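> Predicted model and sequence follow; I will ask about them next.
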Amino acid sequence: MSAEVGPDASPGLSPESSPAMSPEARRRVAVAAALPVLVVGLPVLVALAVAGLVPWATAPAVLVAAALWSLVVHARLGRG
């Protein structure tokens, strides 16, 4: 008896048989994707703006970029 080798023989869940991610879980993962930028990047950027090393307009731009990143992550998680 020989074991089959290939994608059909591997144990585990295939994308077709895996359960769909709940909308609440998708939201949590999308928010978690933006947290490093908001927790670390934004305070550092504000400190640099206070010191006059970067313009103040970069802080709102970082917020917009983090929000867009969360939307991208949310959308990509829904493809499955």
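Looks like it came in fine.
> got any ranges where the protein has weak pLDDT?
Within the chain, the ranges that satisfy pLDDT under 70 run 1-19, 80.
> Nearest residue to the middle of it?
residue 33 (3.4 Å; Cα atoms, centre = their mean).
> Just give the nearest non-adjacent residue to that one, would you?
residue 73 (4.4 Å; Cβ to Cβ, 6 or more residues apart in numbering). Quick note: C-beta positions are derived from backbone N, CA and C, even for glycine.
> what's the neighbour count on that neighbour?
Look at residue 73: counted by other Cβ atoms under 10 Å, it has 18 neighbours.
> Quick one: list the elements packing against the lengthiest helix in the chain.
Longest helix of the chain, by residue count under DSSP state H: helix 58-77. Under the contact criterion of 3 or more Cβ pairs under 8 Å, 6 or more residues apart in numbering; DSSP states H and E, helix 58-77 touches helix 23-36, helix 42-50.
> mind checking how far it is from the chain centre?
9 Å (Cα atoms, centre = their mean, to the nearest Å).
> Helix 23-36 and that one, what's the angle between them?
Calculated by axes from the mean of the first three to the mean of the last three Cα atoms, to 10 degrees, helix 58-77 forms an angle of 150 degrees with helix 23-36.
> returning to that earlier point: how far away is the residue nearest to the centre of the chain from residue 57?
Distance, residue 33 to residue 57, using Cβ to Cβ, to the nearest Å: 24 Å.
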